[in-house]
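> 3D, please:
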Amino acid sequence: MRAPVRSRSISVPAMTTETRSEAQLDEQAPEAEAQTPEAEAQTAEAQTAEATAAEATAKAQPAAKRPHLDARGLLLKLQEASPTFRDVRPLALRIDKAIAARFPELDRKVIRSAMRLHTASTRYLKVMEKATARFDLDGKPEGEVTEEQRAHAKQTLKERFAEAAKRKKDALEAEKAKRAAEEAERRKAEKLQQLVGKFAKKG
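Now for the predicted structure:
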């Protein structure tokens with residue numbers, strides 16, 4: 001008699017929880033990656049809208065940082081920040097560039113307008129008429145005032161005072177003429193009233 005044949009059992013390694021999770025992720029991955037054309041279009045449109053909004057925000061930020069100052073307002077700010085402006089000293093050449101570098105938030109057009117307003121003032125010209133040195137924003141000497149520049153300031157003041165005197169004279173003459181005309185009109189009315197009175201008596 002033959003001995004009974006023993007059946008061999010093949011051991012299959014058990015699938016761990018980690019292995020099952022990886023298998024499930026592998027099965028789900030293609031589904032997650034696969035998108036319909038409509039979904040892809042919506043995603044692209046959303047990304048474009050976000051990029052456009054970010055760009056608009058970036059452009060708006062520099063404008064929002066600029067304070068709203070006119071030329072006179074800027075001069076008040078400079079008088080507080082700089083002894084040169086506060087004491088009305090002759091300005092260093094190209095000081096507008098130094099102002100723009102120290103206060104980058106300021107508008108360059110406003111800076112130039114403020115400089116023209118400041119240097120054209122009668123008080124500044126009176127200082128320039130006798131000055132020898134120029135000063136930077138911190139009140140330190142930087143450059144000199146030439147004889148030609150002093151002469152220009154003196155001539156400008158002379159013309160300005162002459163023009164102011166002429167305007168004053170013209171205003172006085174106009175007022176004098178107005179009063180003379182009013183006086184002539186008053187006398188004319190009085191004479192007319194007297195004539196009316198005479199005719200009334202005769203009647």
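
> Any regions of this protein where pLDDT drops low?
For the chain, the stretches with pLDDT under 70 are 1-67, 202-203.

> can you map out the strands along it?
133-135, 141-144 (DSSP state E).

> Out of those, which is closest to T119?
Proximity to T119 (Cβ to Cβ) singles out strand 133-135 among those, at 11.5 Å. Glycine gets a C-beta too; all of them are placed from N, C-alpha and C.

> where do the helices sit along this structure?
Ranges of helices in the chain, per DSSP state H, are 17-33, 37-65, 71-81, 83-86, 95-102, 108-119, 122-130, 147-202.

> Tell me, how many residues neighbour L93?
Residue neighbour count, defined by other Cβ atoms under 10 Å, stands at 12 for L93.

> where's the closest residue to M128 other than its chain neighbours relative to T122, distance?
Once flanking residues are discounted, M128 sits nearest to A153: 3.9 Å by Cβ to Cβ, 6 or more residues apart in numbering. Distance, A153 to T122, using Cβ to Cβ, to the nearest Å: 10 Å.

> ok, the two, which is more surrounded?
A153 (21 against 12).

> what's the spacing between that one and R116?
Counting by Cβ to Cβ - A153 and R116 are separated by 15 Å.

> List the buried residues of stretch 127-142.
Using 16 or more other Cβ atoms under 10 Å as the test for burial, stretch 127-142 gives 127-129, 131, 134-137, 142.

> Any chance of TSV for those residues, columns distance to R72?
Listed next are the buried residues of stretch 127-142 as TSV, based on distance: Cβ to Cβ, whole Å:
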residue	distance to R72
V127	19
M128	20
E129	24
A131	24
R134	23
F135	22
D136	22
L137	19
E142	25
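
> Can you report how many residues neighbour L157?
As a burial measure, L157 scores 15 neighbours (other Cβ under 10 Å).

> wait, what's in contact with the closest residue in space to it that isn't next to it in sequence?
Using Cβ to Cβ, 6+ apart and skipping residues adjacent in sequence, the residue nearest L157 is L125, 5.2 Å away. Neighbouring residues of L125 by Cβ atoms under 8 Å, 6 or more residues apart in numbering: 119, 153, 156-157, 160.

> change it to 6 Å
Neighbouring residues of L125 by Cβ atoms under 6 Å, 6 or more residues apart in numbering: 153, 156-157.

> Give me the distance between it and A71.
As for L125, its distance to A71 is 18 Å (criterion: Cβ to Cβ).

> go on, A114?
As for A114, its distance to A71 is 4 Å (criterion: Cβ to Cβ).

> These two: which is more packed in?
A114 (24 against 16).

> how far away is A181 from E173?
Using Cβ to Cβ, A181 is found at 13 Å from E173.

> Oh, that last question was meant for G197, not what I typed.
Separation of G197 from E173 (Cβ to Cβ): 36 Å.
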